[in-house]
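Visitor: A predicted structure for the sequence below; I have some questions about it.
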Amino acid sequence: MVLPASGTPRPPGPPLIAPTEEEWRAMTPAERERLLVRILDALSDPKSAMAEGRPHHKAKGRAIDMLTLHFGSTGRVIYMAEELAVLYPGEDVFVPDILAVLDVPQPEDDPRMAWVVADEGRGLSLVLEVLHQGDRNKDLVANVERYARLGIPEYFVYDRLRQQVHGHRLPGPDATRYQRIVPQMGRHASAVLGLDLAVAGNRLQFFQGMAELFGSADLIGRLKGMMESLESRAEQAQAQAEQAQAQAEQAMAGLREALLAALAMRRIPCPDEARARLLACQDPATLQRWLLRAMSADSLEQILAE
């Protein structure tokens, strides 16, 4: 396999070919790492990445975010990666937008530089490509033939520009040609993911039964909305409590005034110490009891008795 020197952009010409399994086995670990570094360097194309634009990047990032959150919460063992170079022995090296491999754990800190089939002992289970301003023939025609020939069970394309989903599935383990996945009520079922893919609200969405999957931004938005609602309710409760407190204070002030008026009307002396005690009372039941007594009692001691 001939590669350009490290640090040199890949020139136009034939695609990069992965080593055969025999060639790979013959390499030392250091030789394998150097080869992968050169492959990744050769595949780096800033102009191509910029040509896809932010819409492509955001759609791809949102999709893998939703899937990673979903499988992380369900505990299902499935490996997912974004823009990871894939080496099938003796085949062109390719970098799918999103890949999935069943029954492979998802490490928190993934050490893989590429998915090397000769090392992993298995190929990909699913590929998802996001098409925006890229090569439509590559994603919708060439990849359909190629991924089927490589034995990748499912291949999906989210055509963001036209807001469409295209699904393909191998009908059997020995098949080399895809069958189109016929959508049911606008949804394309993925047997690999156990989810449905559909366009909803002008973006790619995943569904588990009737439940819609959410990404980090969606969850943060929902949590923010819940917090704002709780804060609003707390503010309303506080306002109601303050209003009730004000009404209670007004009622107690009225009771105090009525009590003092009753004492004055019945000419019952009220020394400063007793007046201070009366004005300091915060218990409406006590004030009511004193007021009732003031209507018939003969002395202040009888009114304020415990």
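Guide: Thanks, I have the structure now. Numbering: from 1, shown residues only.
Visitor: only C-alpha atoms from now on, for both contacts and neighbour counts.
Guide: Will do.
Visitor: where exactly do the strands run in the stretch 101-250 of the chain?
Guide: Residue ranges of the strands in the stretch 101-250 of the chain, as given by DSSP state E, counting those that start in this stretch, are 115-116, 126-131, 154-159, 164-169, 179-180, 188-190, 195-199, 204-208, 211-212.
Visitor: average pLDDT for the first one?
Guide: Strand 115-116 shows a mean pLDDT of 96 in the predicted model.
Visitor: for residue 283, give its distance to residue 241.
Guide: Counting by CA to CA, to the nearest Å, the gap from residue 283 to residue 241 is 17 Å.
Visitor: nope, residue 167 is what I meant
Guide: When distance is defined by CA to CA, residue 167 is 58 Å away from residue 241.
Visitor: who has more neighbours, these two?
Guide: Under the neighbour definition other CA atoms under 10 Å, residue 167 and residue 241 were set side by side, and residue 167 has more, 22 against 12.
Visitor: residue ranges with poor pLDDT in the chain?
Guide: 1-14, 45-52, 215-228 (pLDDT under 70).
Visitor: which helix in it has the most residues?
Guide: Secondary structure assigned by DSSP state H gives helix 216-265 as the longest helix of the chain.
Visitor: can you show me the CA trace of the next helix or strand after that helix as CSV?
Guide: Along the chain past helix 216-265, the next helix or strand (assigned with DSSP states H and E) turns out to be helix 272-280. Extracted C-alpha coordinates of helix 272-280, given in CSV (Å, rounded to 0.1, in the frame of the first residue of the first chain):
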residue,chain,number,x,y,z
ASP,A,272,-48.4,50.9,79.5
GLU,A,273,-47.1,47.5,80.4
ALA,A,274,-50.4,45.8,79.6
ARG,A,275,-50.7,47.9,76.3
ALA,A,276,-47.3,46.7,75.3
ARG,A,277,-48.2,43.1,75.9
LEU,A,278,-51.4,43.5,73.9
LEU,A,279,-49.7,45.2,71.0
ALA,A,280,-46.9,42.5,71.0
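Visitor: please parse the protein into its domains.
Guide: 21-214, 220-304 (automatic domain parsing).
Visitor: point out the most buried one among those domains.
Guide: Most buried of the domains of the chain, by mean neighbour count (mean count of other CA atoms under 10 Å): domain 21-214, with a mean of 16.
Visitor: what about that one, distance to the chain center?
Guide: 20 Å (CA atoms, centre = their mean, to the nearest Å).
Visitor: quick check: angle from the longest helix of the chain to helix 272-280?
Guide: 150 degrees (axes from the mean of the first three to the mean of the last three CA atoms, to 10 degrees).
Visitor: and helix 216-265, what does it pack against?
Guide: In this structure, helix 216-265 makes packing contacts with helix 46-74, helix 284-294, judged by 3 or more CA pairs under 8 Å, 6 or more residues apart in numbering; DSSP states H and E.
Visitor: sorry, back to before: redo the strands of the stretch 101-250 of the chain as CSV? Include distance to residue 59.
Guide: Shown next, in CSV, are the strands of the stretch 101-250 of the chain (distance: least, CA to CA, whole Å):
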stretch, distance to residue 59
strand 115-116, 23
strand 126-131, 7
strand 154-159, 9
strand 164-169, 13
strand 179-180, 23
strand 188-190, 17
strand 195-199, 11
strand 204-208, 7
strand 211-212, 16
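Visitor: among those strands, which is nearest residue 279?
Guide: In this view, the strands of the stretch 101-250 of the chain are compared for proximity to residue 279 by CA to CA, and strand 211-212 is the closest at 62.1 Å.
Visitor: what's next to the closest one, contact-wise?
Guide: Taking CA atoms under 8 Å, 6 or more residues apart in numbering as the criterion, the residues outside strand 211-212 that touch it are 205, 206.
Visitor: partner strands of it and their direction?
Guide: Strand 211-212 has its sheet partners listed here by DSSP bridges as strand 204-208 (antiparallel).
Visitor: the partner strand to strand 154-159, inter-axis angle?
Guide: Strand 204-208 and strand 154-159 meet at an angle of 140 degrees, taking the same axes, to 10 degrees as the criterion.
Visitor: strand 204-208 to helix 46-74, inter-axis angle?
Guide: Orientation note: strand 204-208 sits at an angle of 20 degrees relative to helix 46-74 (the same axes, to 10 degrees).
Visitor: roughly how far does residue 126 sit from residue 103?
Guide: 12 Å.
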